[in-house]
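In: Show me the folded form of this:
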Amino acid sequence: MRGTIRKLGLEGGLWALITTDGRTVELIDCPDALRKDGAEVEVEGRRDDADVTVGMVGDAITVTSYKLLK
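Out: Predicted coordinates for the structure are as follows:
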């Protein structure tokens with residue numbers, strides 16, 4: 001998935017990917033390198049153990065790989 005990293009102020013703060021098609025995907029245990037609000041990235045992840053989250057902003061994934069684009 002491609003998109004922009006955003007820090008959302010829900011439940012004490014969470015990191016999310018706003019995809020290029022407008023979806024919000026919560027990043028579970030977001031890697032430190034991705035914790036840059038506004039960074040453009042490409043990420044891959046898995047949904048194992050990510051069905052129900054505190055943030056409940058949409059889908060959720062655990063990041064398995066990523067690439068910083070900007």
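In: hey, let's count contacts and neighbours off CA atoms from now on
Out: OK.
In: check contacts around residue 44.
Out: With contact set as Cα atoms under 8 Å, 6 or more residues apart in numbering, residue 44 has these partners: 1, 63, 64, 65, 66.
In: Could you report the pLDDT at residue 11?
Out: As predicted, residue 11 sits at a pLDDT of 64.
In: ok, back up a step: among the contacts of residue 44, who's most crowded?
Out: If you count neighbours using other Cα atoms under 10 Å, the busiest of these is residue 63, which has 18 neighbours.
In: By residue count, which strand of this protein is the longest?
Out: strand 59-68 (DSSP state E).
In: just to revisit the earlier point, let me know the closest of the contacts of residue 44 to residue 26.
Out: Proximity of these to residue 26 (Cα to Cα) peaks at residue 63, which lies at 9.8 Å.
In: Retrieve the pLDDT associated with that closest one.
Out: Value for residue 63, per-residue pLDDT: 94.
In: circling back to that earlier point, sheet-wise, list the partners of the longest strand of the chain with their directions.
Out: strand 24-28 (parallel), strand 40-46 (antiparallel) (DSSP bridges).
In: so where's this structure shaky on pLDDT?
Out: Where the chain drops to pLDDT under 70, the residues are 10-11, 49-56.
In: hang on, the earlier thing: can you tell me which of the contacts of residue 44 is nearest residue 41?
Out: residue 66 (7.0 Å).
In: hang on, the closest one packs against residue 33?
Out: No - contact between residue 66 and residue 33 fails when scored by Cα atoms under 8 Å: they sit 9.3 Å apart.
In: Can you report how many residues neighbour the nearest residue to residue 16 once chain neighbours are set aside?
Out: Spatial nearest neighbour of residue 16, chain neighbours left out: residue 26 (4.3 Å); criterion: Cα to Cα, 6 or more residues apart in numbering. Close neighbours of residue 26, defined as other Cα under 10 Å, add up to 28.
In: tell me the contacts of residue 26?
Out: For residue 26, the contact set (Cα under 8 Å, 6+ apart) comprises 14, 15, 16, 17, 55, 56, 57, 58, 59, 60, 61.
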